[in-house]
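A.B. asks: Sequence and predicted structure are below.
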Amino acid sequence: MGVHQTQILNEKINIFGGIQKIIDEYNSGKSLKKINLISGIGCKTLSDIIKQNGEIMIRNDSDKSRKYTIDENIFNELTEQSVYWIGFIMGDGCITKTGKEFAVLNVALNEKDLRHVEKFKEFMNTNKPIGYIEKYNTYSLTINSKQICDILSNFDAINRKSYNATEKKNIPNELERHYWRGLIDADGHLRYDSKCDKWYIGLTGSFTLCSQFFDYVAKVIKLDSKTSVRKVSDNGSRVEFVGKLLPLSIIRNLYEDSTIYLERKFATFNKSVEYSIERGVFNNE
């Protein structure tokens with residue numbers, strides 16, 4: 001840039017209110033194009049000024065088109081909450097990439113689980129309204145964020161969810177039970193059959209994920225079970241634990257002292273606690 005052009009640029013910056021004003025306007029949500037129209041400073045120059053004068057990422061097209069607020073760093077730190085939702089999204093979420101700059105995460109559940117969609121909205125720190133799909137009687141929250149979808153891909157949360165997932169990735173051992181609770185809440189089952197006085201807990205998904213859940217159970221609970229992973233469809237498998245002590249131990253491991261869960265499955269956990277106390281299941285521990 002020549003001396004004359006630099007002088008003209010500096011005049012435009014000063015007239016607009018200075019470099020800090022440019023940064024403040026951008027941070028307030030104004031696009032480079034809008035600041036360009038107001039200040040007369042080119043978009044490329046504005047981008048350079050912002051990058052050089054603060055730790056600010058230039059928003060991509062997905063960000064520019066967003067109408068609602070969202071915490072795009074919510075999955076950066078692995079906690080009980082974030083790991084749980086990674087597991088749940090693996091089972092009941094859907095990630096769709098619509099181009100280089102756009103990616104969409106969607107969680108849709110039956111109306112009986114509306115509260116869980118509300119919990120997900122609270123976790124994401126978003127003011128995006130929850131939608132209702134009358135045809136399917138479901139409530140849905142859609143998040144437009146390539147950044148979030150890219151982060152989730154590090155944990156193998158890919159399109160078509162748990163049936164195509166190859167493995168549980170990058171989940172630390174100390175948080176692993178929260179991941180499996182999320183998957184059980186999404187694609188698993190736990191129940192009590194009073195007729196035969198037996199408890200059931202199981203997971204349906206890819207052969208690899210079901211095998212990894214079996215390995216997790218074998219790691220945290222002594223197994224003398226003949227349970228194995230079996231195919232239930234062309235791309236789906238299932239692992240299930242049946243009986244009393246073993247299923248109840250697994251349920252307790254996943255749900256005890258947890259802060260995030262699907263309400264109706266947590267109600268089954270509470271029922272299992274009452275059953276265990278009445279029958280003295282864990283008295284010999």
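C.D. replies: Yep, it's here. Residues are numbered from 1 along each chain as shown.
A.B. asks: Quick check: next helix or strand after the helix or strand of the chain with the lowest mean pLDDT?
C.D. replies: One helix or strand of the chain scores below all others by mean pLDDT, DSSP states H and E: helix 61-64, with a mean of 50. Sequence order places helix 80-92 as the next helix or strand after helix 61-64, per DSSP states H and E.
A.B. asks: Need the CA coordinates for that following helix. CSV is fine.
C.D. replies: The C-alpha trace of helix 80-92 is given here as CSV (Å, rounded to 0.1, in the frame of the first residue of the first chain):
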residue,chain,number,x,y,z
GLU,A,80,-19.8,-34.9,32.9
GLN,A,81,-22.3,-32.8,30.9
SER,A,82,-20.3,-32.5,27.6
VAL,A,83,-19.3,-36.2,27.6
TYR,A,84,-22.9,-37.2,28.3
TRP,A,85,-24.2,-35.1,25.4
ILE,A,86,-21.5,-36.5,23.1
GLY,A,87,-22.8,-40.0,23.9
PHE,A,88,-26.4,-39.0,23.5
ILE,A,89,-25.7,-37.2,20.2
MET,A,90,-24.0,-40.4,19.0
GLY,A,91,-27.2,-42.2,19.5
ASP,A,92,-30.1,-39.7,19.0
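A.B. asks: name the helices or strands packed onto it?
C.D. replies: Here helix 80-92 touches strand 103-110, helix 114-124, helix 176-187, going by 3 or more C-beta pairs under 8 Å, 6 or more residues apart in numbering; DSSP states H and E. Quick note: C-beta positions are derived from backbone N, CA and C, even for glycine.
A.B. asks: mean confidence for that helix?
C.D. replies: Averaged over helix 80-92, pLDDT sits at 94.
A.B. asks: How far does it sit from its chain's centre?
C.D. replies: Distance of helix 80-92 from the chain centroid (C-alpha atoms, centre = their mean, to the nearest Å) equals 5 Å.
A.B. asks: all helices for the stretch 151-285 of the chain, in order.
C.D. replies: 176-187, 207-220, 245-255, 263-279 (DSSP state H, counting those that start in this stretch).
A.B. asks: how big is the angle separating the third one from helix 263-279?
C.D. replies: Orientation check (axes from the mean of the first three to the mean of the last three C-alpha atoms, to 10 degrees): helix 245-255 against helix 263-279 gives 130 degrees.
A.B. asks: And helix 245-255, what's buried?
C.D. replies: By neighbour count with 16 or more other C-beta atoms under 10 Å, helix 245-255 contains the buried residues 246, 247, 248, 249, 250, 251, 252, 254, 255.
A.B. asks: Identify, from the residues you listed, the entry nearest to residue 148.
C.D. replies: residue 254 (25.4 Å; C-beta to C-beta).
A.B. asks: where's the residue nearest to that closest one when sequence neighbours are not counted relative to residue 35, distance?
C.D. replies: In space, and not counting its chain neighbours, residue 254 is closest to residue 181: 4.4 Å by C-beta to C-beta, 6 or more residues apart in numbering. According to C-beta to C-beta, to the nearest Å, residue 181 stands 46 Å off from residue 35.
A.B. asks: Same check on residue 145?
C.D. replies: Distance from residue 145 to residue 35, by C-beta to C-beta: 23 Å.
A.B. asks: which stretches of the stretch 151-285 of the chain aren't confidently modelled?
C.D. replies: Residues of the stretch 151-285 of the chain that meet the criterion pLDDT under 70 lie in 158-167, 224-226, 284-285.
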